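Q: with the sequence up front, the predicted model follows.
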Amino acid sequence: MPERTTLAERYAAMRSSLPPHVNLVAVSKTRSAEEVRALYDLGQRAFGENYPQELREKQPLLPTDIEWHFIGHLQRNKVKYIAPFIHLIHSVDGPELLDEIHKRAVAVNRRIGVLVQVHIAQEETKHGLDLEEARALVQHWDPVRWSALELRGAMGMASNTEDAAQVAREFTALSHLFQALKNEVGAEHPRFDTLSMGMSGDAPIAIAAGSTLVRVGTALFGPRT
């Protein structure tokens, strides 16, 4: 999109490009509270952040009905900062992190939604479980150990490459796992319905592969200064 377009125009274009079953999370990391408020005033309610301290500082400045998503790598010692208000944590990569989120959820008398992050990219720098580890975690979910958590689905990030076919293969692999697990554990986890795949650069490929939620920042807010 040309840089001269307004936030309202970019937001309208993005909303109109998404199928009805695909939810939009506006990635607001490094964006000011004023920028978030401007998009909120246009009707957006779900926002995604990568850094616990930034989110902790931003959240009190903004409306209380914002649905905050944590989409970055989450260290266990930072969970306490976001547990009182976070809606969905996309980046769960093992039982130890689940234990910490559960402990913090209990402490503030909340039930917190989580997604299992699956490593599907070629880059080793990206976090997450491999496909089999993710399958095992979901299949052996302990409803007593994690009674304050709600397992909502899976998240993945594709390789940062111009090869659209590779990106499509990675998203498709995760989509197949998600659908298989949804069929298998649906009775125990009736809200296992979220497949978080796709960002500003690859959202159409992710949606074609079965994404139900895209995480978009630059295409909405414009380039970072």
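A: Happy to help now that I have it.

Q: kindly indicate whether the residue nearest the centre of the chain is helix, strand or coil.
A: Closest to where the C-alpha atoms of the chain average out (C-alpha atoms, centre = their mean) is His90, at 4.1 Å. Per DSSP: H, G, I helix; E, B strand; the rest coil, the secondary structure class of His90 is strand.

Q: for it, list the residues it contacts.
A: Gly48, His69, Phe70, Ile71, Leu115, Gln117, Met155, Ser196, Arg215 (C-beta atoms under 8 Å, 6 or more residues apart in numbering). Where you see a C-beta, it was placed from the backbone N, CA and C, and this is true even at glycine.

Q: now, those residues that are in helices?
A: Among these, no residue falls in helices (DSSP state H).

Q: now list the buried members of those.
A: Neighbour counting by 16 or more other C-beta atoms under 10 Å classes Gly48, His69, Phe70, Ile71, Leu115, Gln117, Met155, Ser196, Arg215 among the contacts of His90 as buried.

Q: quick check: bridge partners of the fifth one?
A: Judged by DSSP bridges, the bridge partners of Leu115 are Gly153.

Q: pretty sure it is touching Val92, no?
A: Yes - at 6.4 Å, Leu115 and Val92 qualify as touching, with contact defined as C-beta atoms under 8 Å.

Q: sorry, back to before: need the buried ones among the contacts of His90 in CSV with distance to Leu7 and pLDDT, can you?
A: As requested, the buried ones among the contacts of His90 are exported to CSV (distance: C-beta to C-beta, whole Å; pLDDT from 0 to 100):
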residue, distance to Leu7, pLDDT
Gly48, 17, 98
His69, 20, 98
Phe70, 23, 98
Ile71, 21, 98
Leu115, 28, 98
Gln117, 29, 98
Met155, 26, 98
Ser196, 23, 98
Arg215, 18, 98
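
Q: wait, Ile89 touches Gln117, no?
A: No - using C-beta under 8 Å, Ile89 makes no contact with Gln117, being 9.2 Å away.

Q: list the contacts of Leu137.
A: Counting by C-beta under 8 Å, 6+ apart, Leu137 has contacts Gly94, Pro95, Val116, Leu129.

Q: quick one: the longest helix anywhere in the chain to chain centroid distance?
A: For the chain, the longest helix by residue count, based on DSSP H, is helix 164-185. Its chain's C-alpha centre and that of helix 164-185 lie 16 Å apart, by C-alpha atoms, centre = their mean, to the nearest Å.

Q: ok, stretch 12-29 next?
A: 13 Å.

Q: name the residues of it that are buried.
A: Here stretch 12-29 shows Met14, Leu18, Val22, Asn23, Leu24, Val25, Ala26, Val27, Ser28, Lys29 as buried, counting by 16+ other C-beta under 10 Å.

Q: now stretch 218-225
A: For stretch 218-225, a neighbour-count test (16+ other C-beta under 10 Å) marks Ala219, Leu220, Phe221, Gly222 as buried.

Q: show the average pLDDT along that stretch.
A: In this model, stretch 218-225 has a mean pLDDT of 88.

Q: any low-confidence regions in this structure?
A: Where the chain drops to pLDDT under 70, the residues are 1-3, 125-126, 225.

Q: that one: helices as residue ranges?
A: So, for the chain - with DSSP H - the helices run 7-17, 33-41, 52-58, 79-82, 95-107, 131-139, 164-185, 203-209, 218-221.

Q: list the contacts of the closest residue to Thr218 other than its chain neighbours.
A: In this structure, Thr218 finds its nearest non-sequential neighbour in Ser200, 4.6 Å apart by C-beta to C-beta, 6 or more residues apart in numbering. The contact partners of Ser200, by C-beta under 8 Å, 6+ apart, come to Val216, Gly217, Thr218, Ala219, Leu220.
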